[in-house]
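# Here's a sequence, model it:
(2 chains)
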Amino acid sequence: MKLNDIIASVQDLLQGEKSSDPKRKAALEDLMAKLEKKETKVRRKLKKAETAEERAKYERKLTIVRAQREKGEKALGTLST
Amino acid sequence: MNRPFHLVLRSTIAGFGAGRVIRRIFLPVIFIVLTVGFWVSPDFRVVSAGVAIFLFGMISLEEGFRAFSGGHLERILQRTTNGLWKSISFGVVSTAVMQSSSLVSVLTISFLSAELIGLASGIGIIFGANIGTTTGVWLVAGLGLKVNIAAYAMPMLVFGVLLIFQSSKTMKGAGYILAGLGFLFLGIHYMKEGFTTFKETIDLSQFAISGFRGLVIFLLVGTMATVVMQSSHATLVLIVTALAAGQITYENALALAIGANVGTTITAILGALGANSQGKQLAAGHLIFNVVTGVVAVVFIHQFTWAVDLISRNIGVAADDYTLKLAVFHSLFNIVGVVLMVPVMGRLVAFLELLFVRPTKDWAEPRYLNAAVFEVPDALLAALRNETLHLFDNAFEIIAHALSLHRRAILSSADLAGFVAKSSEVIDFDLDASYERKVKTLHAAILEFISRAQPMVSGANTEQLNALRETARQIVECVKDAKHLRKNMLRFIASDNQDIRTEYNALRAKLGTMLRDLHRLRAGNDTEVDVLDLDELNLEMESTNVVVDGTLDRLIRDARITAVMGSSLMNDMAYVRSLAWNLAEVGKTLFGAVDHAASDAETLVALDKEDIQRLAEPGPEVGPRHKPKQGEQRQ
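As a prediction, the model looks like this:
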């Protein structure tokens, strides 16, 4: 463990609950990875869709996942700074 | 009069409610006895001060461990109690580390009341705690009496108090633990000193009583002493120090130790008074275990003393080292108790469930909210979450029936659009009465609980508390929307006009699909659906809005529905949107990630009303058939 990491850990310990940003960032990154997989899956299903109804359903899903990922990217930017 | 045993036991536990009256008389008597004792003997004063310091140390130690109960302890408890032997081991280790079976008992009752653990696991922990508490006697007899522990107490107190003054919760907790241990050591030192000098003035061993009479009398004294101090640990330390000073005989010390074990159940019983039926079941289980163990120890006292001599010889304890032999005896009879009780665990659990039956008749009765969960923030939040789920379940049924949909239709995998198109059956029920009975009283109980819980939580826990309060409000709002929607819906799903029937059935199908998804999320075993999918249903609701996409205008213009029907449909669309939105929000809070950070992440990426409206606008990929022309206002 580097000196900076040790200092950060000690600061976390002394500050108690205050320092939770790294955890939030890790959780958001994890969720973003899941959403990326979800988008790939939906795209595959959209390609295979046969009826107009099915296509509309998967297009709607795709729109939602994209919008969620967009929001997530923005939030990640805020957490990183 | 022959009353069944479980009824006698239930009334005994309930009878502790009269404990307040007894306490009012008891406390002045104790004050008088102690005052007279202090006046007669200065050495008695030293012993009593030792006991007081020791008890203060235990309180400090408990306070310290509570500081770590905001997550770590709970996580360990949940992970390590999914099997009987694991639960017993957890009880042994946690009590040995924290040196307080009372704290372990209270934590277990809190967790059981919030249904974070089952009754069998709870009883397992209590069994283990009984073995764990014997480590205290080993520590005092093996170390405390042979080493000058007061020398260690002083620096511990100084460092402990320094840490208590720190702002960090972790440091503060560590400070309380260190100071607690310091006080425990100091208390033991004073008890030891007091008994040693006491012997020079009064020799208490002259009051020793041998034989069975002595066994019974000292057993009762041990029980009473533990009831007064509410700590078997303190009683046992007192017994060990008195035995080391030769103030009591070995034979009487054994009886006192058995009595201390019986007396300690009082803590669990008092802790269970404010608990629900599960908490009371655990307290009764604790009482049964300790009484059975005590009876076995009394009946087979000669066999036990023989076994203690044998074990002591084999582990190198001198024949005249009575304090260590007492530790061997204490461990032995508690282990024997566990060995005897484990095979009948199933029957014991069944008996306890018969003893305190969980109320099931009235759904409106809160199931999880009780005073016992206030002891631990995580248990408090788990109880509140479970109660909000209970409220959701009640509301789910009302909303489904309000839409004239049976639960079995929603929970099946059948095509809901096809099902509602075929079925014009109206489910007749009194929605207002159901709301009052199953939703309103429960919502009121949740609000009251939250107002009492607010001062006991902080930080992220406060956020969770507020989120659950908002969720409960949204559930109530959903039922109200369903009630308003029902008025016209009942008329139009049985109407001869096929167009209006089709429009209302489409709304029923969409809401039914949302209820189905929520149920799948509630079950938690479906990997195909997650809380973020709820946004998709809202987008569908928004982008296929008949008011916005011109369908409504077309139906009126072509005289396929009347303008009055159109007005009703338009107003009801607002209820549907509100209902769908609130259901999605409820789902996100109740069925989303439990972990704070993961839950935060879900909230960050979830779409709000503005996002959904923006996406529903005509675009290159998805959008409604027409741009919004008019707002939808409830009338």
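# how close does the closest residue to residue B:133 other than its chain neighbours sit to residue B:95?
Distances taken as CB to CB, 6 or more residues apart in numbering or on different chains put residue B:101 closest to residue B:133, at 4.4 Å, once the chain neighbours are dropped. For glycine as for every other residue, the C-beta is placed from the backbone atoms N, C-alpha and C. Note on residue B:101: its distance to residue B:95, by CB to CB, to the nearest Å, is 5 Å.
# Between those two, which contacts overlap?
Residues touching both residue B:101 and residue B:95 by CB atoms under 8 Å, 6 or more residues apart in numbering or on different chains: B:129, B:132, B:133.
# Just list the residues touching the last one, thanks.
To tie it back to what came earlier, the one meant is residue B:133. B:95, B:101, B:232, B:233, B:236, B:264, B:334.
# For PyMOL, write a command that selects the buried ones of the residues you listed.
Here is the PyMOL command that selects only those of the contacts of residue B:133 that count as buried (16 or more other CB atoms under 10 Å in any protein chain shown):
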select buried, chain B and resi 95+101+232+233+236+264+334
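# How about the residue nearest the centre of chain A: what's its closest non-neighbour residue?
Centroid-nearest residue in chain A: residue A:32, 2.1 Å away (criterion: CA atoms, centre = their mean). Take residue A:32 and drop its neighbours on the chain: the residue closest to it by CB to CB, 6+ apart is residue A:72, 4.9 Å away.
# Centroid-wise, who is the farthest residue in the chain?
You didn't pick a chain, so chain A it is. Most distant residue from the mean C-alpha position of chain A: residue A:51, 31.1 Å away (CA atoms, centre = their mean).
# right idea, wrong chain: chain B
Distance from the C-alpha centroid of chain B peaks at residue B:558, with 61.4 Å (CA atoms, centre = their mean).
# related to what we said a few turns ago, tell me the one among the contacts of residue B:133 nearest to chain A.
If you rank those by distance to chain A using CB to the nearest CB, residue B:95 comes first, at 26.6 Å.
# helices and strands around the helix or strand harbouring the closest one, which ones?
Under the criterion of DSSP states H and E, residue B:95 resides in helix B:84-98. If contacts are counted by 3 or more CB pairs under 8 Å, 6 or more residues apart in numbering or on different chains; DSSP states H and E, helix B:84-98 sits against helix B:42-67, helix B:101-113, helix B:119-132.
# which residues touch the helix or strand just after the last one?
The one in question is helix B:119-132. Counting by DSSP H and E, the next helix or strand C-terminal to helix B:119-132 is helix B:134-139. For helix B:134-139, the external contacting residues (CB under 8 Å, 6+ apart) are B:95-96, B:99, B:233, B:236-237, B:240, B:257, B:324, B:326-327, B:330-331, B:334.
# quick one: the residue nearest to residue B:596 when sequence neighbours are not counted and residue B:599, what's the gap?
Sequence neighbours aside, residue B:460 is the residue nearest to residue B:596 in space, at 4.8 Å (criterion: CB to CB, 6+ apart). Distance, residue B:460 to residue B:599, by CB to CB: 9 Å.
# These two: who's more crowded?
residue B:599 (21 against 18; other CB atoms under 10 Å in any protein chain shown).
# Output the helices and strands packed on helix B:84-98 in CSV; the columns should cover distance to residue B:315.
Formatted as CSV, the helices and strands packed on helix B:84-98 follow (distance: least, CB to CB, whole Å):
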stretch, distance to residue B:315
helix B:42-67, 27
helix B:101-113, 24
helix B:119-132, 17
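# Would you mind saying which of those lies nearest residue B:291?
Among these, the nearest to residue B:291 by CB to CB is helix B:119-132 (12.1 Å).
# Who are the packing partners of the closest one?
Counting contacts by 3+ CB pairs under 8 Å, 6+ apart, helix B:119-132 packs against helix B:84-98, helix B:101-113, helix B:277-299, helix B:322-341, helix B:345-355.
# let's see it at 10 Å
If you count contacts as 3 or more CB pairs under 10 Å, 6 or more residues apart in numbering or on different chains; DSSP states H and E, helix B:119-132 packs onto helix B:72-79, helix B:84-98, helix B:101-113, helix B:265-272, helix B:277-299, helix B:322-341, helix B:345-355.
# and among those, the most buried is which?
Most buried of the helices and strands packed on helix B:119-132, by mean neighbour count (mean count of other CB atoms under 10 Å in any protein chain shown): helix B:101-113, with a mean of 28.
# and the angle for that helix with helix B:84-98?
140 degrees (axes from the mean of the first three to the mean of the last three CA atoms, to 10 degrees).
# For helix B:101-113, C-alpha coordinates in PDB please.
Taking Å, rounded to 0.1, in the frame of the first residue of the first chain, the C-alpha atoms of helix B:101-113 are listed here in PDB:
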ATOM      1  CA  SER B 101     -24.500 -11.900  26.800                       C
ATOM      2  CA  SER B 102     -27.000  -9.200  27.500                       C
ATOM      3  CA  LEU B 103     -25.900  -7.100  24.500                       C
ATOM      4  CA  VAL B 104     -26.000 -10.300  22.300                       C
ATOM      5  CA  SER B 105     -29.500 -11.100  23.600                       C
ATOM      6  CA  VAL B 106     -30.800  -7.600  22.900                       C
ATOM      7  CA  LEU B 107     -29.300  -7.600  19.400                       C
ATOM      8  CA  THR B 108     -30.700 -11.000  18.600                       C
ATOM      9  CA  ILE B 109     -34.200  -9.900  19.800                       C
ATOM     10  CA  SER B 110     -34.000  -6.800  17.600                       C
ATOM     11  CA  PHE B 111     -32.900  -8.800  14.500                       C
ATOM     12  CA  LEU B 112     -35.600 -11.500  15.100                       C
ATOM     13  CA  SER B 113     -38.300  -8.800  15.500                       C
END
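# for the record, mean pLDDT for it?
For helix B:101-113, the mean per-residue pLDDT is 75.
# gap between the residue farthest from the centre of chain A and residue B:459?
50 Å.
# just residue B:243 next, same as before
On the measure of CB to CB, residue B:243 and residue B:459 end up 48 Å apart.
# neighbour count winner among those two?
Applying other CB under 10 Å to residue B:243 and residue B:459 shows that residue B:243 carries more neighbours, namely 25 against 15.
# quick one, what contacts the more buried one?
B:141, B:145, B:195, B:205, B:249-250, B:252-254, B:256-257, B:322-323, B:325-326 (CB atoms under 10 Å, 6 or more residues apart in numbering or on different chains).
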